[in-house]
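In: coordinates only, sequence not included:
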């Protein structure tokens, strides 16, 4: 009896101990961390609801990254040095593509019959391998020649070609005269000379002229904010504003100016409508007549030296103010047909 009661007690103790061990094992992971109960382990995982889709109309727009301009495929400084030797570019070979460099490139392209956009491409690089020497018409040792066919200006000093600049002349389009009627945008051809000048701005009926140098009545060489590769003015000869300053400080009154070629032109003194009194003229129209030089005398400039020179349309090289050498300035200064 006692033995059986003792066995019963021992069995009960062993049963309790075994249950405790089981609970402890189930409650602990190897390392002592808590784990879920059996019921929790077999229950399905809870689903987290997805956010509602956004309306595309209110979705933020992220702009694409700005495109980085590709570097030029040529040595800019080397081209600048070559154009400087050829007198198309005046400025330091700094390797920067600025307004002066683009103006010089455009002048070079015009002379060589390459698309005149001021951008150095394969055609321009090919022309630089074997550049041509411009053929000038000849005349006094110091003069300005303006080839209206190629839309370039040549500055000749001492019989040597000093600079080549891009220009834009009369477009040939009709325009309204201030007093009524219409006229055509034509540029005079022949021999003239610089008669008078206005430093800075000149406000004419058709626009603002910068540093104009008048060579015939209301027609002038002057600076402009727009000097495209083609004829676009009302009759004047446009150059870049920086080139206009450079010329103004270098070219004296009395300097001969020879204009030739082109399609939208007239002979000075003709009675073509609107050409002898271009829109913008506010004076009495009594400017000096063109220089009578029917046949220019050949000179050393007939065989031009090195190549044309181009002024840096950015930073013109200042030079002393020229002393007038001829021609009596006419008053009041006549506005030009714009440019």
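Out: Good, I have the coordinates. Small disclaimer: the values here were computed from a predicted structure and weren't measured.

In: so what sits opposite residue 221 in the bridge?
Out: residue 213, residue 237 (DSSP bridges).

In: what count of nearby residues applies to it?
Out: Using other C-beta atoms under 10 Å, residue 221 has 30 other residues around it. In this view, the C-beta of every residue, glycine as well, is placed from N, C-alpha and C.

In: ok, residue 198 next?
Out: Using other C-beta under 10 Å, residue 198 has 17 neighbouring residues.

In: distance of it from residue 82?
Out: 36 Å (C-beta to C-beta, to the nearest Å).

In: residue 47 too?
Out: 74 Å.

In: buried sites along stretch 245-256?
Out: In terms of neighbour count (16 or more other C-beta atoms under 10 Å), stretch 245-256 has its buried residues at 245, 246, 247, 248, 249, 250, 251, 252, 253, 254, 255, 256.

In: ok, the third one touching residue 155?
Out: Going back to what we said before, that points to residue 247. Yes - the criterion here is C-beta atoms under 8 Å, and residue 247 meets it with residue 155 at 7.4 Å.

In: which neighbours do the two share?
Out: residue 165 (C-beta atoms under 8 Å, 6 or more residues apart in numbering).

In: residue 47 and residue 82 - which one has more neighbours?
Out: residue 82 (18 against 6).

In: regarding that one, what is its secondary structure?
Out: Put simply, residue 82 is helix when judged by DSSP: H, G, I helix; E, B strand; the rest coil.

In: quick one: contacts for it?
Out: The contact partners of residue 82, by C-beta under 8 Å, 6+ apart, come to residue 128.

In: quick check: mean pLDDT of stretch 214-222?
Out: The pLDDT scores in stretch 214-222 average 94.

In: no wait, stretch 118-134
Out: On average, stretch 118-134 scores 94.

In: adjust the sequence numbering to begin at 15 for everything that follows.
Out: All set: I'll call the first residue 15, so the last point we hit is now stretch 132-148.

In: so what would you say the end-to-end distance of it is?
Out: 19 Å (C-alpha to C-alpha, to the nearest Å).

In: name the residues that touch it?
Out: Under C-beta under 8 Å, 6+ apart, the answer for stretch 132-148 is 86, 88, 90, 93, 96, 100, 116-117, 119-120, 122-123, 125-126, 128-129, 166, 168, 175, 178, 318, 320-322.

In: how does it look with 7 Å?
Out: 88, 93, 96, 100, 116-117, 119-120, 122-123, 125-126, 128-129, 168, 178, 318, 321-322 (C-beta atoms under 7 Å, 6 or more residues apart in numbering).

In: low pLDDT regions in the stretch 115-264 of the chain?
Out: For the stretch 115-264 of the chain, not a single residue meets the criterion pLDDT under 70.

In: for it, what spans make up the strands?
Out: 157-161, 166-171, 174-180, 188-190, 196-198, 201-207, 210-211, 215-218, 221-230, 233-238, 251-254 (DSSP state E, counting those that start in this stretch).

In: other SSEs contacting the shortest one?
Out: I take that to be strand 210-211. Here strand 210-211 touches strand 221-230, going by 3 or more C-beta pairs under 7 Å, 6 or more residues apart in numbering; DSSP states H and E.

In: so for the strand it packs on, what gets flagged as buried?
Out: Taking 16+ other C-beta under 10 Å as the criterion, strand 221-230 shows 221, 222, 223, 224, 225, 226, 227, 228, 229, 230 as buried.
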